[in-house]
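Asks: Sequence and predicted structure are below.
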Amino acid sequence: MSTAVAPPLPRSQRLRRGLTDRPVIVLGVVFVVFYLVTALLDPSLFTMRGLRSILLLACPLAIFAAGQTLAFLTGGIDLSVTMTANVAAYVAATQSGAGPVQALALALVVGAAAGLVNGVGIGIFRVHPLIMTIGMSSVLLGLVSVGLSSGGFLSGPTVVPAVLETVGGGTLVGPVPLNAVVWAVVSVVLVLGLARTGLGRNIYGVGDNPLACRLSGVKVWQVLIATYVIVGVLAAIAGLLISGSSGSVGPSQTNSFLLPSIAAAVIGGTSILGGAGGYGGTIVGALVLTVLNRLLLTLGVGQAVQQLVYGAIVLALAWVYVAVSGQRSD
Amino acid sequence: MILVRYLQVENFGGFELRALTAGSLMLALLAMAQGVVVLSGGINLAVGALMVLANCFSAWLMEDASLGTSVLVAVLTVAGTALLSGLMGWIVTVSGMPDIVVTLALHFAFVGLALLILGGPGGRANPQLSQLIVGGFSNPWPALLWLTGIYCLIWIPFRRSRAGIATYAIGSDRQAAFLAGIVVKRARVHAYVVSGVFAGLAGLVTTALLGSGSPQESIALGALLGSVAAVVLGGVALSGGRGQLLGPVLAAFVLTLIPAILLSLGVNPNVAVLLEGLIIIGVVMLGGLLELRRRKL
Amino acid sequence: MSSETLLAARGVAKSYGSVLALRSADVTVGHGETHALLGANGAGKSTFVKALTGVITRDAGTVTLDGAPVTLRSPADGYARGIAAVFQDPALIPDLTVRDNLRLTATDASTVEQHLAGLDIRGLDLDERVRDIPLPFLRMIDLARALAHRPRLLILDEITAALPADLSEKVFAVMARQRQEGGSVLFISHRLEEVVEHCDMCTVFRDGGDVARFAPKEGREQRIVASMLGDRLVEEAAEGRRTRTAGRPEVAPRLVVEDLGAGDMLHDVSLDVRPGEVLGLVALEGQGQDTLFDVLAGDQRPRTGEIRVDGEVLTARHPAAAIRKGVVLVPADRSWALLPKRSIRENIALPSRARVSRWGPISRRREDRAVDRAVARLSIDTRAASQARRLSGGNQQKLTIGRWLAEGFGTLLLFDPTRGIDIGTKRQIYDLVREVADSGAAVLMYTSELREIGLVCDRVLVLYRGTVVAELPADAGEEALLHAAHGLHEAEVTTS
Amino acid sequence: SGEGTDDGDGGGGDYVIGVSNTLAGNGWREQMVCSIQAEALASGQVSRVVVLSENAGPTEQVQHLQTLISEGVDAIVVNPSDPEQLNGIIDEATAQGIVVVAVDAAVTSENAYVVTNDQVEWGRVGMEWLAEEVGGSGDILYVRGIEGVQSDTDRHEGVMAALESYPDIELTTVWSNWDYTLAGEIAVQQFSASDYDGVWTTGADYTVVNGIRTAGKDLVPVTGQDSNAFVGQLLDGAPGAVVTNPAVIGAVGTNVALKVLAGEDVEQTTMLTPELWTMADAADRLEEAHEPDRGQDTSAAVEIDYPLEMTREQLYACEGPSGS
Ligand SMILES: Nc1ncnc2c1ncn2[C@@H]1O[C@H](COP(=O)(O)OP(=O)(O)OP(=O)(O)O)[C@@H](O)[C@H]1O
Ligand SMILES: Nc1ncnc2c1ncn2[C@@H]1O[C@H](COP(=O)(O)OP(=O)(O)OP(=O)(O)O)[C@@H](O)[C@H]1O
Ligand SMILES: [Mg+2]
Ligand SMILES: [Mg+2]
């Protein structure tokens, strides 16, 4: 029981420590700088419309990344989120004849079911999350392909429910799109849920030390299943919003969100090894990536340079984060 | 499984064998590229991108080159990917970022680089070199010999060397390895360098097999997923330190065979995609069940 | 013993974030000297060793070896300079064979084999995987490896903590020989009797700095403890014996075990523990005690026999079932029980959130009360409260017990709860165990330190080759216990 | 599909046709595959169609072709994922007497027959119409496909040719990867940031129209292909033009393959000329093509300027000679 108390730190170090404990602040600063730089090149970002487009486009990414954040916290990852989203959107669009409530409910059930299967595989059968969700992704793709072939369960007219088109692309007030309402609800539920509920605690615990959880009476498989079901539902919500804003469904329409969803969670400081992080950082991460996309589009460079810059910036941001927060992984 | 395929195809011969060996060679090399990093306790999400990069780079330089020059290009390519991969490993160790993050970000960057080198599909392989690497259409032997050669002349000596043991050691218990005096950072970089060598070779094989370069992200992603699946099916623990690379190599053969066999069984190809996913999950679940008997949570 | 200085460390300091692990430490070790490093948990001993051997880089300070300044970059560096350490954590890679492990450190296998033979460890196959070798043997291999590098300074950080008495003796023999050959030893242990018997000098650490340096002769234990604890109250060790509940047969036993068998090791174990009683368990390493605790805690299923708690049969497929019946475990290894990246609060509250019915919203106020009570009762140092891994070993250990205080229980299973913990903390834990028992819980405690039996327990069982071979009163004495533990249970001992 | 025995029970003939497609689940591609099946059925000369369809690249496609060769097919209809990389295996197939037809995109091998839409013309026709529509000058959002892919390069060539007569048109280039969702997102971003007088899209069309709406702007003329949903949007009054890029090109490829097998002399390259449909001059074509009950991204242009055997019903049924 040491009683050694460090002497008061000099100011510079105090500042540093403040940042170390709240790396989201650094990320927030990065976001603001990014936004301003982009806005200098593309002044439309200073307009309501420009701001609105950033929020509108960040929302589905942030919801995908919310699922990814949860999976990360348990020490896992979910590579099937985008396929789950595709299937859910398809289901909603093919069932829209039965009324929007039923169509949306069914879509969410599909998301939950995909998550359930992932959770059972990962929690009970101990399949590595990477493999389980890659496999799941391929199973879902197969299912869609079978369903889409003539006479299949997904063939027939597809109509994106009108509610979705409104929520996915409409405006609440000023620069705030309607889908931001969904995002806000998800954020509140997640931030509070992780910090203030037993399940939230267990999600962190399982990611930090599953053995300790078992010995404390936590049934790890239950936590994992619950987590992946939530991830599946979040993926379905994201898929529905995307189909609403683009007015389309397609068997691979959200696939380009997969790697960015992982990147957003990583940039947001959630440890891919589990047990540390949270949704707050992910929100900023999603915003940063959306502005980055905007920046690359504004610069008008070719695809090759876009890819290079995207990779380099994601790397640099993650590096800054680790350097500032001192959360080295080794 | 080769047997099943043998029974399925009426005149199974050099052509089918070559389709199998040459087709598997690339995946087998990728599996090794992934495997060595996994053994060291990491993961390399950029193997596919490195392969694409090597493919484009070599096809770009080999266009209209003589055999001698092409061989030089091949060596240069492998050295290049080894260097890039080593650089990636260096960033992982210096930055303290999780390797998933670093390699994922560089996956994007490497594909961008490939696209920069070769604006689109293009370039050309040296036909003689192709012949040497993957053989003619009914000649299964060169591919098989290369695979055996690479395994025996690169992997086995590496595994036996101190650097190889260190790779296993850092994958097994990094803290203990450090206390035992291993320079963990250096050992990690070594693993990435070896991984880069294998990924570069896989890129060369692609060039030889397909005759040109193709800088597409989807190819890199597909290759990456294949490499992870092969490593896991091959019995290498994703937690590191345990397993041999022979498993992933054999798994590469199996993964190449599954679609062909399913098709010949008359399975609807759409259902085949589904079954492939189920088979991968199933095999791994079985492994999980066996593990479950040992220790449960 | 030469008076010349081999090692001189001056002002070595190291801080982790805001906590100063090592403020400023001076340590001087002479040629041919066996030097003890003493200090309470968190005093900075291990940190000093790590800073010395290059595992971590020190923030400040100088180290000279034979007058020449040295800064080691890694333990491998140390081998070349004549410094070899056996660290507190095993430095052997679990998935490699012993031989590969030796190759890795460029250690000659045959030399190690000779040393092992010298330590009387035979029948150990160097081609066996480290994962399959029991911990005490691993410590000896670690030791043999260090010796194979013929160090001038041999550092042993709590090597005896995980060793049974017979192997500890071997270590002392090695230390003696090292001294004869003119080499020096830096020895860390929380067992004062070992230090008094085998060390020439000692440096005492307190609060990250050295506070005293003297020869730890017999009779000076009091002084050692005083300097370790500083002005903290030095309670009398031989605290007054408590009222014994064992002699009250009218209380029905809480935990009854009949003919329990499990794994390949455990068979026909029967025992019972009453509320208010602390039942001790003594065994040499590897006699099945870990399996017994695993089974009782619901972590492993028994092959034969029955466990009853308060008269009801307990069949557990998961520790949760045992916990629901109030049977809780403090495991051997802290890392099995802690969430290293989470706060003290979350660690303490973990068991109470386990059940699905408790997954809902948390009442901060109620949790605060439970957590604060546990922290206060164990006087856990909360300065590094945001991450359990930043706590010192002793505080981590307190945390593993504190979780159960907050949750509540009827039967407490303690597996060597004071392993590697300083005297002050140990006493707190003894008091706590008694307190817990006095408030009506049944306690089963395995310990590797025989002395503890007399201090805490009401009676003691001896486990040998997977079965109970003797039941003794708590005051039977260490010699009788050791006898029984070796399977030499003479009639006069068992019938007392 | 893909089932059945070699001695056909469904049709009269006993050719086996292999199909390789590397973009599964895409409406246009699915319809292309269906058209191959339907044409094979309608021809009465085919006993079985073996379809290999998955999301993959050239490496896997080489394996597709190898598998098909092993299956002993008589002809292969392939939608090539690369113009060069399949040449080796195509040459090997033709050496074994198999007829290879590349549809939709070209391959450079001289041994393969090539059936494509005229992509240069496709690009030119759309841009010319758009330039006229915006009055010969203005800002146009130029939504391209994937950099380096042959059809994108060809279409670009056509666009540039068209613009030679319209020097006052300003292009803002963006890349859609032929991804409907991405194209929609880009439209939201671009229209939130600035105003455009028109949009030329390389096919990811109807989500661009939705994207303009989502950005809260008034619609401007958009060119696209004959995606079912886009045709519907034009019918609903959105300004724009369809340039046909029919997916039944697969059926044309099948037709070519059967002719070659029958010993007829066929041109090495068959090229379909795209048509331009607007509400002004081809409202009836749009009306006729639109199928509200079918997928959004299926190709609505079914009636084309090439004699095919199959009927619309057979195409929609999507069944090969030996049943589903
Ligand atoms: N990573 C860390 N971050 C913050 N504080 C730390 C960290 N590691 C150790 N400390 C603090 O440094 C002090 C000294 O720790 P150290 O482990 O060196 O003590 P010790 O003398 O080895 O004690 P013990 O006998 O318990 O092992 C403790 O108060 C501990 O809380
Ligand atoms: N290489 C390292 N880098 C950073 N921190 C380290 C390193 N090695 C150990 N530590 C930290 O130093 C702290 C002190 O650990 P130490 O080995 O001194 O003893 P302990 O485990 O706390 O106590 P004891 O083992 O006596 O119970 C731990 O919190 C550990 O995380
Ligand atoms: Mg210590
Ligand atoms: Mg310590």
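Replies: Received it, and whenever you're ready, just let me know what you need. Please read these numbers as outputs of a predicted model, since none were measured by experiment. Ligands and ions are numbered 1, 2, ... in the order given.

Asks: separation between the residue of the stretch 201-324 of chain D found nearest ligand 4 and chain A?
Replies: Going by CB to the ion, ligand 4 is nearest to D:Thr214 of the stretch 201-324 of chain D, at 59.5 Å. In short, each C-beta sits where N, CA and C put it, glycine included. Distance, D:Thr214 to chain A, by CB to the nearest CB, to the nearest Å: 4 Å.

Asks: Ok, B:Leu84 next?
Replies: Computed with CB to the nearest CB, the distance linking B:Leu84 and chain A is 12 Å.

Asks: where does D:Tyr142 fall, phi/psi-wise?
Replies: D:Tyr142 has phi and psi values of phi -110, psi 100 when expressed as degrees, to the nearest 10.

Asks: Could you give the number of residues near it?
Replies: 23 (other CB atoms under 10 Å in any protein chain shown).

Asks: Tell me which residues touch it, please.
Replies: D:159, D:171-174, D:200 (CB atoms under 8 Å, 6 or more residues apart in numbering or on different chains).

Asks: Which secondary structure state does the closest residue to it other than its chain neighbours sit in?
Replies: When the adjacent residues along the chain are set aside, D:Tyr142 lies closest to D:Leu171, with 4.3 Å between them (CB to CB, 6 or more residues apart in numbering or on different chains). Of the three states, D:Leu171 takes strand according to DSSP: H, G, I helix; E, B strand; the rest coil.

Asks: How about D:Leu171: which residues does it bridge to?
Replies: Taking DSSP bridges as the rule, D:Leu171 bridges to D:Ile140.

Asks: So for it, what's the pLDDT?
Replies: D:Leu171 carries a pLDDT value of 93.

Asks: Is there a neighbour count for it? I'd like the number.
Replies: D:Leu171 has 15 nearby residues by other CB under 10 Å.

Asks: what's the following helix or strand after the longest helix along chain D?
Replies: Ranked by number of residues, the top helix in chain D under DSSP state H is helix D:27-43. Using DSSP states H and E, the helix or strand that follows helix D:27-43 towards the C-terminus is strand D:46-53.

Asks: What residues sit buried inside the next helix-or-strand element following that next one?
Replies: As assigned by DSSP H and E, the chain's next helix or strand after strand D:46-53 is helix D:58-71. Neighbour counts using 16 or more other CB atoms under 10 Å in any protein chain shown place D:58-71 of helix D:58-71 among the buried residues.

Asks: re the thing from before, may I ask you to confirm that the residue of the stretch 201-324 of chain D closest to ligand 4 is in contact with A:Arg52?
Replies: No: D:Thr214 is beyond contact range of A:Arg52, at 9.8 Å (criterion: CB atoms under 8 Å).

Asks: More neighbours: which of these two?
Replies: D:Thr214 (29 against 22).

Asks: The more buried one - nearest residue in space that isn't next to it in sequence?
Replies: For D:Thr214, the closest residue by CB to CB, 6+ apart turns out to be A:Gly169, at 3.6 Å.

Asks: just to revisit the earlier point, restrict the buried residues of helix D:58-71 to those that also contact chain B, please.
Replies: Restricting the buried residues of helix D:58-71 to those touching chain B (CB under 8 Å from any CB of the partner chain) yields D:58-60, D:62-63, D:66-67, D:69-71.

Asks: pLDDT below threshold where in chain D?
Replies: Chain D contains residues with pLDDT under 70 at D:1-12, D:323-324.

Asks: All the strands of it, in order from the start?
Replies: With DSSP state E as the criterion, chain D has strands at D:15-21, D:46-53, D:75-78, D:99-103, D:113-117, D:137-144, D:168-175, D:198-201, D:222-224, D:240-243, D:269-272, D:276-277.

Asks: Pipe those strands into JSON lines and attach distance to D:Phe230 per row.
Replies: Shown next, in JSON lines, are the strands of chain D (distance: least, CB to CB, whole Å):
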{"stretch": "strand D:15-21", "distance to D:Phe230": "22"}
{"stretch": "strand D:46-53", "distance to D:Phe230": "24"}
{"stretch": "strand D:75-78", "distance to D:Phe230": "26"}
{"stretch": "strand D:99-103", "distance to D:Phe230": "22"}
{"stretch": "strand D:113-117", "distance to D:Phe230": "16"}
{"stretch": "strand D:137-144", "distance to D:Phe230": "13"}
{"stretch": "strand D:168-175", "distance to D:Phe230": "18"}
{"stretch": "strand D:198-201", "distance to D:Phe230": "9"}
{"stretch": "strand D:222-224", "distance to D:Phe230": "5"}
{"stretch": "strand D:240-243", "distance to D:Phe230": "6"}
{"stretch": "strand D:269-272", "distance to D:Phe230": "19"}
{"stretch": "strand D:276-277", "distance to D:Phe230": "10"}
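
Asks: Reformat those strands as a markdown table; add distance to ligand 2.
Replies: Formatted as a markdown table, the strands of chain D follow (distance: least, CB to the nearest ligand atom, whole Å):
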| stretch | distance to ligand 2 |
| --- | --- |
| strand D:15-21 | 54 |
| strand D:46-53 | 53 |
| strand D:75-78 | 57 |
| strand D:99-103 | 60 |
| strand D:113-117 | 62 |
| strand D:137-144 | 51 |
| strand D:168-175 | 46 |
| strand D:198-201 | 55 |
| strand D:222-224 | 59 |
| strand D:240-243 | 63 |
| strand D:269-272 | 68 |
| strand D:276-277 | 69 |
